[in-house]
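J.: sequence plus predicted model, see below.
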Amino acid sequence: MERYRVVKEVGDGTCGCVYKALNLETNEIVAIKKMKRKFYFWEECINLREVKSLRKMNHPNIVKLKEIVRENHELFFIFEYMECNLYQIMRDRQNSFTEGEIRSFMSQILQGLAYMHKNGYFHRDLKPENLLVTNDIIKIADFGLAREVMSKPPYTDYVSTRWYRAPEVLLHSSSYTPAIDVWAVGAIMAELFTLSPLFPGESETDQIYKICTVLGTPDRSIWPEVMDLSRSVNFRFFQIPPANLSDVIPNASLEAVDLILQLCSWDPQRRPTAEQSLQHPFFHVGTWVPYPLRDPFYAKINETGPKPKLELNLWDFGTESDDCFLGLTLAVKPSITNIDVNDASQHSREEFLFCSGYQENPRHSVFWPLISSNGSMNDGPTMPSLSSSYLVNRNCSDFYGESKLAVGSFGTRP
Ligand SMILES: Nc1ncnc2c1ncn2[C@@H]1O[C@H](COP(=O)(O)OP(=O)(O)OP(=O)(O)O)[C@@H](O)[C@H]1O
């Protein structure tokens with residue numbers, strides 16, 4: 001370790017102390033995590049979860065493990081150095097983040113998480129302290145509790161910091177899934193808006209109470225396993241109606257609120273995966289709509305009648321909230337009723353976004369590309385919370401009919 005000179009201590013966690021250090025050979029600034037316990041054999045080191053999982057990860061949003069050194073029975077991890085963690089940034093901030101900044105953080109976190117899940121690991125302790133930031137880049141760190149997705153339950157060891165702990169873990173489910181990371185990301189996203197934790201429970205029971213005050217008490221209809229789980233730990237739920245999340249997070253757009261509600265679904269099976277979450281309209285707000293729907297729509301219009309209104313005026317916004325639900329929706333609010341979807345799938349790789357039932361039941365609204373990027377309409381969605389109305393009616397007139405639908409276009413043109 002004489003190759004390194006410690007500059008200062010930057011963190012003191014449960015398992016180790018983290019130092020900023022200079023690599024004297026390369027002049028590179030690194031972070032050294034010195035583990036608190038002693039390691040007498042290499043095998044112990046190699047079998048550490050942090051080592052096993054991080055060795056396999058290579059992603060711009062996952063902190064890079066550069067080297068492992070064992071010296072005098074002490075173990076050191078050498079990581080790429082990051083300026084600070086997300087908790088420190090939120091703590092020191094006077095003003096809330098802009099939605100654009102939150103979108104950027106969230107998209108990076110979800111990309112890192114999707115990569116990790118795809119590579120067979122889940123993190124189990126996502127929290128702002130474990131999200132490291134340099135400039136505008138955010139990376140997932142601290143794989144001390146990471147577990148292999150394929151490892152066999154029961155998972156009985158301690159998991160995650162209370163405020164970000166998923167309800168199935170709070171109810172001591174022994175077979176939780178990567179969806180626990182998705183819950184934590186939802187709680188973190190809310191915190192990015194308000195700069196204070198969404199569910200700041202003071203004990204495990206208070207944690208469930210805090211979740212109920214926001215999401216309302218769960219029942220069988222929204223989480224089929226809830227009764228069995230609560231009975232098995234002798235837990236009786238408080239009967240509390242849900243809050244309006246837009247009141248709790250007044251600076252969040254409807255898309256943001258909807259994404260948080262989906263990520264923080266009581267039922268882990270209804271949570272989108274990290275990869276699916278990246279398709280949510282929250283990530284496409286402000287995306288440039290390619291000169292709207294020239295083919296096949298434009299061709300149709302020229303043949304059959306009025307041109308779509310591509311310019312927006314203030315008076316184009318109705319009073320119904322779904323009128324401004326998706327900004328980009330409004331760029332194409334034409335009076336077209338006979339769009340040929342088959343044409344669309346053949347000639348265009350643009351994706352149509354379908355939003356079902358937002359107003360009736362925001363909690364269960366679902367967003368999904370109606371046409372996949374390969375143009376096929378037949379690939380059913382895999383999103384568990386998908387409303388049954390999806391693709392029921394393929395008649396295109398229903399795209400723009402009276403139903404509450406939003407259409408956007410954000411794919412790349414071939
Ligand atoms: N690569 C890094 N660059 C800069 N700072 C880091 C780095 N890794 C960790 N830190 C700092 O050290 C803190 C603790 O690190 P880490 O979470 O890995 O330790 P831990 O002992 O596993 O903590 P925990 O108690 O959360 O399990 C982090 O919150 C962060 O502030």
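T.: Yep, it's here. What you see is a predicted model, and the numbers here were worked out from it, not measured in a lab.
J.: for the residue lying closest to F97 once chain neighbours are set aside, give me its contacts.
T.: Spatial nearest neighbour of F97, excluding adjacent residues (Cβ to Cβ, 6 or more residues apart in numbering): L192 at 5.6 Å. All C-beta spots, glycine's among them, are computed from the backbone N, C-alpha and C. Residues near L192 by Cβ atoms under 8 Å, 6 or more residues apart in numbering: M90, F97, I102, F105, M106.
J.: so the first one belongs to a strand, correct?
T.: Looking back up the chat, that one is M90. No: remark: M90 does not belong to a strand; assigned using DSSP: H, G, I helix; E, B strand; the rest coil, it is helix.
J.: circling back to that earlier point, what secondary structure does the residue nearest to F97 sit in?
T.: Relying on three-state DSSP, one would call L192 helix.
J.: cool, and the one 4 residues further on?
T.: Secondary structure assignment for S196 (three-state DSSP): coil.
J.: residues contacting W183?
T.: Going by Cβ under 8 Å, 6+ apart, the list of residues near W183 reads Y164, R165, A166, P167, L263, C264, P268, R271.
J.: can you report phi and psi for the residue lying closest to the fifth one once chain neighbours are set aside?
T.: Which is L263. Once flanking residues are discounted, L263 sits nearest to G186: 2.8 Å by Cβ to Cβ, 6+ apart. Phi and psi for G186, reported as degrees, to the nearest 10, are phi -60, psi -40.
J.: so what's the residue count around E101?
T.: 12 (other Cβ atoms under 10 Å).
J.: check contacts around it.
T.: Going by Cβ under 8 Å, 6+ apart, E101 touches D136.
J.: that one and I29: what is the separation?
T.: Relative to I29, E101 is positioned 25 Å away (Cβ to Cβ, to the nearest Å).
J.: repeat for V10
T.: 11 Å.
J.: more neighbours: which of those two?
T.: Between V10 and I29, counted using other Cβ under 10 Å, the more crowded position is V10 (20 against 12).
J.: make sure that one is indeed in a strand.
T.: Yes: applying three-state DSSP, one finds V10 inside a strand.
J.: so it versus P250, what's the distance?
T.: 34 Å.
J.: within range of the ligand, give me the residues from the stretch 1-150 of the chain.
T.: Proximity of the stretch 1-150 of the chain to the ligand, by Cβ under 6 Å from any ligand atom, involves residues 10-11, 13-16, 18, 31, 33, 63, 79-82, 85, 129-130, 132, 141-142, 144.
J.: the residues you listed, buried ones only, as a PyMOL selection?
T.: Restricted to buried positions by 16 or more other Cβ atoms under 10 Å, the PyMOL selection for these reads:
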select buried, resi 10+11+15+16+18+31+33+63+79+80+81+82+85+129+130+132+141+142+144
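J.: any weak-confidence spans in the stretch 51-200 of the chain?
T.: Along the stretch 51-200 of the chain, the parts satisfying pLDDT under 70 run over 144-160.
J.: ok, 90 please
T.: 51-57, 65, 67-70, 75, 94, 119-125, 142-161, 172-177 (pLDDT under 90).
J.: hey, where'd the helices end up in it?
T.: Using DSSP state H, counting those that start in this stretch, the helices of the stretch 51-200 of the chain run over 86-92, 99-118, 167-170, 179-194.
J.: what's the closest of these to R70?
T.: helix 99-118 (25.6 Å; Cβ to Cβ).
J.: name the residues of that closest one that are buried.
T.: For helix 99-118, using 16+ other Cβ under 10 Å, the buried residues are 99, 102-117.
J.: ok, stretch 245-264 next?
T.: Under the neighbour-count criterion of 16+ other Cβ under 10 Å, stretch 245-264 has 245-246, 248-249, 252-264 buried.
J.: now, these that are in strands?
T.: Of the buried residues of stretch 245-264, none are assigned to strands by DSSP state E.
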